[in-house]
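S.K.: need a 3D model of the sequence below.
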Amino acid sequence: MERNKKTTGKVAGIVSNLVTVEVDGPVAQNEICFILFGKERLMAEVIKVNGINAFVQVFESTRGLRVGTPVEFEGHLLEVTLGPGILSRNYDGLQNDLDKMEGVFLTRGEYTDPLNRIQKWDFKPLAKAGDSVTAGSWLGEVNENSIPHKIMVPFKMEKRYTVKSVVAAGQYTVDETIAVVTDGEGLEIPITMVQKWPVKMAIKAFKEKPRPFKLLETGVRCIDTLNPITEGGTGFIPGPFGTGKTVLQHAISKQAEADVVIIAACGERANEVVEIFTEFPELDDPRTGRKLIERTTIIANTSNMPVAAREASVYTAMTLGEYYRSMGLKVLLMADSTSRWAQALREMSNRLEELPGPDAFPMDLSAVISNFYSRAGFVYLPNGATGSITFIGTVSPAGGNLKEPVTESTRKAARCFYGLSQDRADSKRYPAIDPIDSYSKYLEYPEVQKNLTEKVGDQWLTNVLKAKDILLRGKEAMEQINILGDDGVPMAFHDRYWKSELIDFVILQQDAFDAIDASTPLKRQQYMLMKVLEVTDASFNYSNFEDVSVFFKEVINLFKQMNYSEFESDTFKQHEASLNQLLDQRKN
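M.R.: Okay, the predicted model is just below:
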């Protein structure tokens, strides 16, 4: 890709942030260029080449830009810089360190270094002279906020190499040579802690990428119990405005069993992004006892930033995730919201005057989304270690319409669907995940079923399907009661409806702001589901339909007290004893 001489050109046309450049030499698809506008250098990416014209999307405002402005092509694709010091950082979609920028507003044409070049890191060698290595092989490690950050052979080095030397343990900056390797011809190649990688290309420094099979615990009951996601799995959360997408993402980020969390705020409203910036540094990490921000990277592109940067931000986030996955770490990647990314694709497609698909989105929208989701996954590294990227995106369908193209395309790509319901949100049933419409295709995988059997027990899947059936039958009973009235249906309908409400209140609903109820370990989830199903399997005496609701409200209250108590504590056991007493009085 690198060329001896830089290609140059001149601006020939401007349509908002789509600029046509007349070039005097070769250019490549997705190549980076800079428009030299006065003292400002505006970064852009080639998205289409037609003869001597290159169409570029500019990552900055093009206000004031004129035809004839000179352009310089860089000879490389849109890249991220990889190295120690990425965690705890706040980046934009081009990996500019936002904390290094001055002033309240971002200055056009200002780009900052994503890494700290002065800081010294405690390096510990892992490889030795004579070792045979390839791209992604671990040469050493440094401690990055308590995460073992592996220093690897750059991913661009595709051959097999021999380690000539590795520096001794000690303190080094990221730009100092920490190892020298030789190729087959004996050419020596120095390696530092820094490398670059193009964001639109997947990092494939792994040996094998099987279907995900291990359950990923999120601590959120309506996900782990009913529709679990796997380590290296993909899921998405569609839902209209105000149904709790952001709070649910925060809960999963805080509690899921991941080593590294990457949040891509790709086109969300500025106030929601500011919420992430202010809340995450304050959140305590239940896994390490430190601050959650220490193992988190935030990539922010708000809805008032240029649309092209939204597309860059999701790819930048995924590439950073692949980098940490190559270190043998579990990465959780959250994107909020991929609808804004799709809108950016639509905008650029329309400006290029391409043939539109449904709702004017690009014809290849489904392929672009599928290709992106496929970069997540569970991998075996060449040294036998495992790593994973679990990707959960949110979708903001206009008017809550789940049939629109972005939701439909994402549904084809993602294995888990967590649909947020406006009705559940309005009735304050949080998380507002609809238990009937949502699903996890991982439950169909034999290897996932085997993992669940080993981890939770033989009867777990049977009990989960039983709970789903009770919820569905309860919904049908409620519809009949609403149509015919309370006294127009048999007592069995009230019994069926309230048994489904018991599962709803005890298993599905969760208090994200309570210290104990916010996160539920799988062992506790199993115990509580078994306890609830004991109640739903039993038959009780009622004198009339009002008696049914009074009884179940008492049962639900005692279960909720158990949810708010430390598992297997004295308080928990007291509430359980009261519950058992109440049930025994009513049983047939």
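
S.K.: need the three-state assignment for I262.
M.R.: strand (DSSP: H, G, I helix; E, B strand; the rest coil).

S.K.: report pLDDT for it.
M.R.: Looking at I262, its pLDDT is 96.

S.K.: number of nearby residues for it?
M.R.: A count of nearby residues for I262, using other CB atoms under 10 Å, gives 28. Placement of C-beta: from N, CA and C, glycine included.

S.K.: touching, it and A300? I think so.
M.R.: No - between I262 and A300 there is no contact, the gap being 11.8 Å when judged by CB atoms under 8 Å.

S.K.: nearest residue to G184 in space, please, no chain neighbours.
M.R.: Excluding the flanking residues, the one nearest G184 by CB to CB, 6 or more residues apart in numbering is K159, at 6.6 Å.

S.K.: ok, back up a step: what residues do I262 and A300 have in common as contacts?
M.R.: Residues touching both I262 and A300 (CB atoms under 8 Å, 6 or more residues apart in numbering): none.

S.K.: return the set of buried residues in the helix or strand where V80 lies.
M.R.: Using DSSP states H and E, V80 maps to strand 79-82. Within strand 79-82, the residues scored as buried using 16 or more other CB atoms under 10 Å are E79, V80, L82.

S.K.: show me what stretch 43-62 is in contact with.
M.R.: With CB under 8 Å, 6+ apart, stretch 43-62 has contacts from 9, 12, 14, 16-24, 27-35, 40, 42, 71, 73, 78, 93-94, 108-109, 111, 306, 308-309, 311-312, 348, 352.

S.K.: picking that back up, save the buried residues of strand 79-82 as TSV, and put in distance to V532 and pLDDT too.
M.R.: Output for those, formatted as TSV (distance: CB to CB, whole Å; pLDDT from 0 to 100):
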residue	distance to V532	pLDDT
E79	52	95
V80	47	96
L82	47	98
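
S.K.: and these, which is closest to G103?
M.R.: Nearest to G103, judged by CB to CB, of those is V80 at 24.5 Å.

S.K.: in terms of helices and strands, where is the residue nearest to the spatial centre of the chain?
M.R.: Closest residue to the average C-alpha location of the chain: M334 at 2.2 Å, with CA atoms, centre = their mean. Assigned by DSSP H and E, M334 belongs to strand 330-335.

S.K.: where along the stretch 101-250 of the chain do the helices fall?
M.R.: Using DSSP state H, counting those that start in this stretch, the helices found in the stretch 101-250 of the chain span residues 221, 245-255.

S.K.: which of those helices has the lowest mean pLDDT?
M.R.: Comparing mean pLDDT across the helices of the stretch 101-250 of the chain, the lowest value falls on helix 245-255: a mean of 87.

S.K.: which secondary structure elements does that helix contact?
M.R.: Judged by 3 or more CB pairs under 8 Å, 6 or more residues apart in numbering; DSSP states H and E, helix 245-255 is in contact with strand 234-238, strand 260-266, helix 270-279, strand 330-335, strand 386-395.

S.K.: quick one: pLDDT of R160?
M.R.: Reported pLDDT at R160 in the predicted model: 95.

S.K.: what about the stretch 51-200 of the chain, any weak spots by pLDDT?
M.R.: The model of the stretch 51-200 of the chain has pLDDT under 70 over residues 104.
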